[in-house]
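In: Pasting the sequence and the predicted coordinates here, then a few questions.
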Amino acid sequence: MTSLAEENARLRKRIAELEAQLGPAPQSAKGSFKKVDALSKEEILRFEQLKLRNTTILVVGAGGLGAPAILYLGANGVGRLGIADPDTVAVNNLHRQVIHTEASTDTSKAESAMRAVHAIDSTCEVVTYPFALTSENALEIIREYDIVIDATDNIGARYLLSDACVLANKPLVSGSALRMDGQLTVYHHNNGPCYRCLHPVPPPIDTVSKCVESGVLGVIPGVIGTLQALEAIKVAVGLHNDDPSFLIFSGLTTPMFRTMKLRGRKKDCIACGDNPSLTDLIDYAEFCGTADSDKSQDLFLLAPHERIKACEYDAHVRQQKPSLLLDVRPPVQYDICRLPESHSVPIDEFENKIMDIKKSMSELDVAGDQVFVVCRLGNDSQLAVRLLEKHGIKGARDLVGGLYSWSMNVDPSFPIY
Ligand SMILES: Nc1ncnc2c1ncn2[C@@H]1O[C@H](COP(=O)(O)OP(=O)(O)OP(=O)(O)O)[C@@H](O)[C@H]1O
Ligand SMILES: [Zn+2]
């Protein structure tokens, strides 16, 4: 017979073995709860991801700014991503609209952007709008989203999206990029201003610079578009609580970023003020004095008879008729590629060079109607024809569609950029 002490010892050993098999005893839920002052990093990540997953974001424009914004938002698990763009992909878009590929040339930018997002995350819900947001459809579409990103390239769209976001009460993450510079602002958020608070009236049409004419280095919209995605994510997860500000980026200065504090919403703003008079969307092309996209924002200064098509100019030169061709692009572009026999007279210095132009005309023995002007796309060249006229050189014509049209219609080996 075992003694009581031996039996006790055997039972303790057995209990220890069984406890070891079970692992540590669960503590009561009540006892384990501890209040925390802050979430752990992992918890923050998880909760923020959850908030982002529950957020819907609309990106208007799938070009230079939209490309990185869409890629990052798609890759970061936003709940639903709307992509609006009426345009199709062109080869000369690819250097800055990095969401598109050669294979998507001539297809819808919105659809091409969706394919790129799905290549990263096939589960991301993407809704495409392969048409422009206009006064007719913008409110209805914007109401479906929590946050809107303005990645368009024209002043009419800026007012349209700002007004629509005020009316639908959505924050608007607005970006722009031109040449080596960019800007970024979050409008209509945390009692901050709307676009109209800062710009009650649009700038005169001839001061509105466009990417196509002024050019933009591909990386610049890349920087701003990426920051737009960041700002949208911060708004989505509740980390965008700073005072309203305006970020200015310049690729050429040190430091590259500067921030200006903005005043809050203007009490007398017609859109977001205390007594708004703007209660519906308006005709923005008329309001801004522009067409609603920079493709159709050609200045159309000249009548058709004051212009010449690329193929007509080609025929003129082939007949060896006397002519003087002025190329008004910046010298850096002229150095890269130019038409034979062209003379570089950059538009910025054009009026200072009138005497030189007159001298060349007399040397070559050409009359006013044998002077031709070319630029990249046919906007600055129209301006130059007007300046020639102002200085007494009548009958000059510019090449419709510029060197782009030359490449498309006359000489496919001429580089498009
Ligand atoms: N109202 C609008 N709704 C939706 N998309 C718009 C609207 N206005 C402009 N966009 C789009 O915004 C994008 C802006 O892209 P970006 O600034 O890179 O210029 P782009 O027009 O593609 O350049 P390029 O004229 O050289 O082809 C364009 O794809 C344009 O179609
Ligand atoms: Zn306002």
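Out: Arrived safely, thanks for sending. Residues are numbered from 1 along each chain as shown. Ligands and ions are numbered 1, 2, ... in the order given.
In: pLDDT weak spots in the stretch 101-250 of the chain?
Out: 203-216 (pLDDT under 70).
In: What segments of it are strands?
Out: Assigned by DSSP state E, counting those that start in this stretch, the strands in the stretch 101-250 of the chain fall at 125-129, 147-150, 172-178, 181-187, 245-250.
In: which one of these is the most hemmed in?
Out: Mean neighbour count, computed with mean count of other CB atoms under 10 Å, is highest for strand 147-150 among these, reaching a mean of 28. From N, CA and C alone the C-beta is placed, and that goes for glycine too.
In: Can you tell me what sits against that strand?
Out: 55-61, 66, 69, 142, 157-158, 161-162, 164-165, 170-175, 228-229, 232, 235-236 (CB atoms under 8 Å, 6 or more residues apart in numbering).
In: nearest spatial neighbour of residue 409, skipping sequence neighbours?
Out: Nearest non-adjacent residue to residue 409, counting by CB to CB, 6 or more residues apart in numbering: residue 310, 4.8 Å away.
In: Per-residue confidence, the one you found, what does it come out as?
Out: We have a pLDDT of 90 for residue 310.
In: Residues of this protein that sit close to ligand 2?
Out: Residues of the chain lying near ligand 2 by CB under 5 Å from the ion: 194, 196, 197, 269, 271, 272.
In: Please pick the buried ones from the residues you listed.
Out: Among these, those buried by neighbour count (16 or more other CB atoms under 10 Å) are 194, 196, 197, 269, 271, 272.
In: could you redo the strands of the stretch 101-250 of the chain as TSV and give each row distance to ligand 1?
Out: Formatted as TSV, these follow (distance: least, CB to the nearest ligand atom, whole Å):
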stretch	distance to ligand 1
strand 125-129	7
strand 147-150	9
strand 172-178	7
strand 181-187	11
strand 245-250	16
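In: Ok, which of those strands comes nearest residue 388?
Out: Counting by CB to CB, residue 388 lies closest to strand 172-178 out of the strands of the stretch 101-250 of the chain; the figure is 27.1 Å.
In: Touching the closest one from outside, list them.
Out: With contact meaning CB under 8 Å, 6+ apart, strand 172-178 is reached by 64-65, 69, 147-151, 153, 158, 161-162, 165, 182-189, 194-195, 209, 211, 214, 216, 220-221, 223-225, 227-228, 231-232, 235.
In: now do stretch 316-323
Out: 308, 341, 364, 365, 366, 370, 371, 372.
In: nearest residue to the third one other than its sequence neighbours?
Out: Once flanking residues are discounted, residue 364 sits nearest to residue 324: 5.6 Å by CB to CB, 6+ apart.
In: Now do the one you found against ligand 1, distance only.
Out: Applying CB to the nearest ligand atom, to the nearest Å, the value for residue 324 to ligand 1 is 29 Å.
In: CA-only coordinates of stretch 343-360 in PDB, if you can.
Out: Extracted C-alpha coordinates of stretch 343-360, given in PDB (Å, rounded to 0.1, in the frame of the first residue of the first chain):
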ATOM      1  CA  HIS A 343      15.600  79.400 -87.500                       C
ATOM      2  CA  SER A 344      15.300  79.300 -83.800                       C
ATOM      3  CA  VAL A 345      13.400  82.400 -82.400                       C
ATOM      4  CA  PRO A 346      12.100  81.400 -79.000                       C
ATOM      5  CA  ILE A 347       8.700  82.900 -78.200                       C
ATOM      6  CA  ASP A 348       9.900  84.400 -75.000                       C
ATOM      7  CA  GLU A 349      12.400  86.600 -77.000                       C
ATOM      8  CA  PHE A 350      10.300  86.900 -80.100                       C
ATOM      9  CA  GLU A 351       9.600  90.600 -80.000                       C
ATOM     10  CA  ASN A 352      13.300  91.400 -79.400                       C
ATOM     11  CA  LYS A 353      14.200  89.500 -82.500                       C
ATOM     12  CA  ILE A 354      12.000  91.200 -85.000                       C
ATOM     13  CA  MET A 355      14.900  93.100 -86.500                       C
ATOM     14  CA  ASP A 356      16.800  89.800 -87.000                       C
ATOM     15  CA  ILE A 357      13.700  88.300 -88.600                       C
ATOM     16  CA  LYS A 358      13.400  91.200 -91.000                       C
ATOM     17  CA  LYS A 359      17.100  90.900 -91.900                       C
ATOM     18  CA  SER A 360      16.800  87.200 -92.600                       C
END
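In: Of the contacts of strand 172-178, keep whichever come out buried.
Out: Buried by 16+ other CB under 10 Å: 64-65, 69, 147-151, 153, 158, 161-162, 165, 182, 184-189, 194-195, 211, 216, 220-221, 223-225, 227-228, 231-232, 235, out of the contacts of strand 172-178.
In: Can you get me a residue count around residue 334?
Out: For residue 334, the neighbour count with other CB atoms under 10 Å is 16.
In: quick one: contacts for residue 144?
Out: Neighbours of residue 144 in contact, by CB under 8 Å, 6+ apart: 56, 58, 82.
In: Can you lay out these as TSV showing distance to residue 256?
Out: Formatted as TSV, the contacts of residue 144 follow (distance: CB to CB, whole Å):
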residue	distance to residue 256
56	32
58	29
82	31
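In: Looking at the protein, which residue is nearest ligand 1?
Out: Using CB to the nearest ligand atom, the closest approach of the chain to ligand 1 is made by residue 63 at 1.8 Å.
In: and that residue, helix, strand or coil?
Out: Using DSSP: H, G, I helix; E, B strand; the rest coil, the structure places residue 63 in coil.
In: For it, which non-adjacent residue is spatially closest?
Out: residue 97 (5.1 Å).
In: and the one you found, which of the three is it?
Out: coil.
In: unless I'm mixing things up, it is touching residue 67, no?
Out: Yes. If you go by CB atoms under 8 Å, residue 97 and residue 67 touch, sitting 4.7 Å apart.
In: Report the contact partners of the nearest residue to residue 230 once chain neighbours are set aside.
Out: Residue nearest to residue 230 in three dimensions, not counting chain neighbours: residue 72, with 7.7 Å by CB to CB, 6+ apart. By CB under 8 Å, 6+ apart, the residues touching residue 72 are 226, 229, 230, 233.
In: Excluding sequence neighbours, find me the nearest residue to residue 258.
Out: Leaving aside its sequence neighbours, residue 258 sits nearest to residue 248 (CB to CB, 6+ apart; 4.8 Å).
In: Hmm, the one you found is touching residue 259, no?
Out: Yes. At 7.4 Å, residue 248 and residue 259 qualify as touching, with contact defined as CB under 8 Å.
In: returning to what we had before: helix/strand/coil for the residue nearest to residue 230?
Out: Here residue 72 is helix, with the state taken from three-state DSSP.
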